[in-house]
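*Asks:* With the sequence up front, the predicted model follows.
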Amino acid sequence: MAAPAVEGLAVTALRSVMLRVRQAAERSGRQSDQVRVVAVSKTKPVSLIRQVYDAGHRCFGENYVQEITEKAPQSAVPNLAMVEGVDNEKIANHLDRVVSGMGRKPLKVLVQVNTSGEASKSGVEPSGCVELAKYVKLGCPNLEFSGLMTIGMPDYSSTPENFRRLLDCRIEVCKALGMAEEQCELSMGMSGDFEQAIEMGSTNVRIGSTIFGPREYPKKNKN
């Protein structure tokens, strides 16, 4: 009887998150439908994802390729909508080749920028984001450059400086590519700081533990 209780909590948490997103969007002068909420299920079971799906949510994400490949067939996900972690040309080239062989429309990608300067974080340096964005847009015909993404500080809570840095990067990228800023997405904000991120212009927030609970790691067998 424990599983249904947990699944019910996830749906309740989702509704709370969506309310907070709407309120944050209104504070920034926008409508809630201008902010995408990606529910990141991490190690949670497909049955829990299904409960959130049945509650009306349609945008899900995973942190690791292995997790999405394991869950997607079970969840009947028809295709992959976006990859947010492109931070070098090698990854861009690999994705471009894979998508080319799938016979599908170009895959939307976000260039990941390391706005905190931490060596432990992935992401291109802010000074290199324009060149990488150019490479994706002009050199990868099977990818669609759609914007920029950043990950927060060690406690997974970005400071305003991180967000401002990504906003500055967007200005530079859009100027170089001749894009309107509203066409360049900003993926910033997670469970600990998504409201602040939305208030500062985020169009895409990635919410995991606040909806699904903390990541669960398999217990190691003791010899």
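*Replies:* It's in. Numbering: from 1, shown residues only.

*Asks:* tell me what the biggest helix by length in the chain is packed against?
*Replies:* Criterion DSSP state H: the longest helix present in the chain is helix 2-27. Secondary-structure packing of helix 2-27 (3 or more C-beta pairs under 8 Å, 6 or more residues apart in numbering; DSSP states H and E): strand 36-40, helix 46-54, helix 194-199, helix 209-212. Any C-beta I mention is one placed from the backbone N, CA and C, and that applies to glycine too.

*Asks:* Out of these, which is the most enclosed?
*Replies:* helix 194-199 (a mean of 23; mean count of other C-beta atoms under 10 Å).

*Asks:* Now the element after the helix or strand of the chain with the lowest mean pLDDT, going C-ward?
*Replies:* Ranked by mean pLDDT, DSSP states H and E, the helix or strand of the chain with the weakest confidence is helix 65-75, at a mean of 60. Later in the chain than helix 65-75, the nearest helix or strand by DSSP states H and E is strand 82-86.

*Asks:* quick one: that following strand to strand 36-40, angle?
*Replies:* If you take axes from the mean of the first three to the mean of the last three C-alpha atoms, to 10 degrees, strand 82-86 sits at 80 degrees to strand 36-40.

*Asks:* Pull the residues that contact strand 82-86.
*Replies:* 61, 91-92, 95, 107-112, 122, 132, 136, 143, 146, 149, 187, 204, 206 (C-beta atoms under 8 Å, 6 or more residues apart in numbering).

*Asks:* can we see that at 7 Å?
*Replies:* 92, 95, 107-112, 122, 136, 146, 149, 187 (C-beta atoms under 7 Å, 6 or more residues apart in numbering).

*Asks:* Give me the phi and psi angles of Leu107.
*Replies:* phi -90, psi 130 (degrees, to the nearest 10).

*Asks:* before we move on, what about Gly61?
*Replies:* According to degrees, to the nearest 10, Gly61 has phi -150, psi 160.

*Asks:* What residues are bridge-paired with the nearest residue to it once chain neighbours are set aside?
*Replies:* The shortest distance from Gly61 to any non-neighbouring residue, by C-beta to C-beta, 6 or more residues apart in numbering, is to Val38 (4.2 Å). Beta-bridge pairing of Val38, defined through DSSP bridges, involves Arg206.

*Asks:* Of the helices and strands packed on helix 2-27, which is nearest Glu118?
*Replies:* helix 194-199 (17.8 Å; C-beta to C-beta).

*Asks:* Check which helices and strands the closest one sits against.
*Replies:* helix 2-27, strand 204-207 (3 or more C-beta pairs under 7 Å, 6 or more residues apart in numbering; DSSP states H and E).
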